[in-house]
Every structure is written in C-alpha cells, then in structure tokens.
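# build me a model:
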Amino acid sequence: MNKSQAIKLLESEAWTKADAMRALEVIDFSTNPDEITIRRAISPFAGSELIKRQRLQAAQKGIVTKKTKEIETKQQEYAAKIDQFQKYPQQEREKYEVEIQTLSQKNNILEVEIKTIYSQNKNLIEVNEQLKKDNKALKNLVDQIRLKLAINTKKILQSEDSEIRKAVITFFKWTLG
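Presented below is the predicted three-dimensional model:
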C-alpha cells in the first residue's frame with residue numbers, strides 16, 4: 001500500500017488528512033507495507049491521542065470562528081462609521097446650503113430695503129433743500145414786508161393826528177411779534 005492509499009483509508013475512518021499524514025510519518029513506504037503494518041504504526045496516534053488532537057482542533061476552530069465573527073463585526077462597525085463619516089460632510093454641506101440660501105434671500109430683501117431707504121433719503125434731502133430755500137425766500141419776503149411796514153409806519157407817525165398814531169403803534173407792535 002502506498003502513502004496516498006493509506007491516507008484515504010484513514011480518512012474513511014474519520015481521520016483528518018493532517019492527522020493521517022502525521023501518523024504515517026514513521027512508516028517507510030519504500031518497503032510497500034500492508035494494512036496491518038500501517039495500523040500498528042498508527043496505533044499510538046489512535047484513541048486518546050487522536051481524540052485529544054481532535055478536541056484541540058475543535059477548540060482552535062471555535063477560537064478561529066469566534067475571531068472571524070469578531071473581525072466581521074468590527075468590519076461592519078467600521079463600514080458603518082466610514083459611511084457615517086462620508087455622509088457627514090454631505091449633510092453639513094446640505095445644511096449650510098439651506099442656510100446660505102436663506103441668508104441670500106434675506107440679503108436680497110435687505111438690499112431692496114436699503115435701496116428704498118436710500119431713495120427716500122435722497123428725496124427727503126432734496127425736499128429739505130427746497131424747504132430751506134423756500135424758508136429763506138419767505139424770511140426775505142417777511143423782512144421786506146416789515147421794512148416797508150416800518151417805513152410806512154414812520155411816515156404815518158410823522159403826521160399830526162394822535163388817534164391814528166396810537167392805532168398804528170398798536171398795529172406795528174402786533175406785526176413785530
């Protein structure tokens with residue numbers, strides 16, 4: 001029997017390939033050993049030694065499975081965090097775009113209001129200038145009227161009649177304020 005046939009024999013009896021290869025290392029296959037020779041050579045590996053190794057293998061597989069699940073869980077957590085970090089700038093950008101749009105609309109409204117206020121202010125300045133001119137003209141007119149009134153009153157006061165003079169003086173005091 002050759003080595004590959006011996007391994008297949010042991011695998012058919014629930015041995016793992018690795019255990020079969022370890023057990024068969026002590027056999028010299030150049031002499032073409034028979035099945036009994038092979039079974040005698042592997043007998044120290046059978047029984048409690050084989051069960052012990054299989055239990056160790058099962059424990060190692062359990063540890064590997066547990067670690068694999070931990071790694072998968074970590075990968076999922078990291079993928080979720082990466083997604084969150086990738087979405088964060090987009091969410092912030094959208095938030096700020098809405099805020100910028102609102103501020104832009106307010107800015108446009110304020111610009112219109114400023115233009116309106118500026119226009120009204122300009123109109124008020126022009127009206128104020130015109131009122132100043134009108135007031136100056138009125139003052140000049142009032143001053144001219146007072147001057148003429150004073151001149152005429154002086155002429156009347158130079159007349160002889162005292163009753164007329166008293167009435168003119170009273171009237172003159174009224175006009176001077």
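
# from the contact counts, what lies against the strand or helix carrying Lys173?
Per DSSP states H and E, Lys173 falls inside helix 162-176. Where contact means 3 or more C-beta pairs under 8 Å, 6 or more residues apart in numbering; DSSP states H and E, helix 162-176 is packed against helix 48-157. C-betas here are computed from N, CA, C, even on glycine.

# what's the angle between the helix it packs on and helix 162-176?
170 degrees (axes from the mean of the first three to the mean of the last three C-alpha atoms, to 10 degrees).

# list the helices and strands helix 48-157 packs on?
Using 3+ C-beta pairs under 8 Å, 6+ apart: helix 48-157 touches helix 17-23, helix 162-176.

# show me the contacts for Gln54.
Thr16, Asp19 (C-beta atoms under 8 Å, 6 or more residues apart in numbering).

# how about the lowest-mean-pLDDT helix or strand in the chain: buried residues?
Every helix and strand in the chain was compared by mean pLDDT, DSSP states H and E; the lowest is helix 162-176, with a mean of 74. Within helix 162-176, the residues scored as buried using 16 or more other C-beta atoms under 10 Å are Val168, Phe172.

# need the nearest residue in space to Leu10, chain neighbours excluded.
Ala20 (3.9 Å; C-beta to C-beta, 6 or more residues apart in numbering).

# pull the number of nearby residues for the one you found.
If you count neighbours by other C-beta atoms under 10 Å, Ala20 ends up with 19.

# that one touches Ile7, doesn't it?
Yes. Counting by C-beta atoms under 8 Å, Ala20 touches Ile7, with 4.7 Å between them.

# cool, thanks, talk later.
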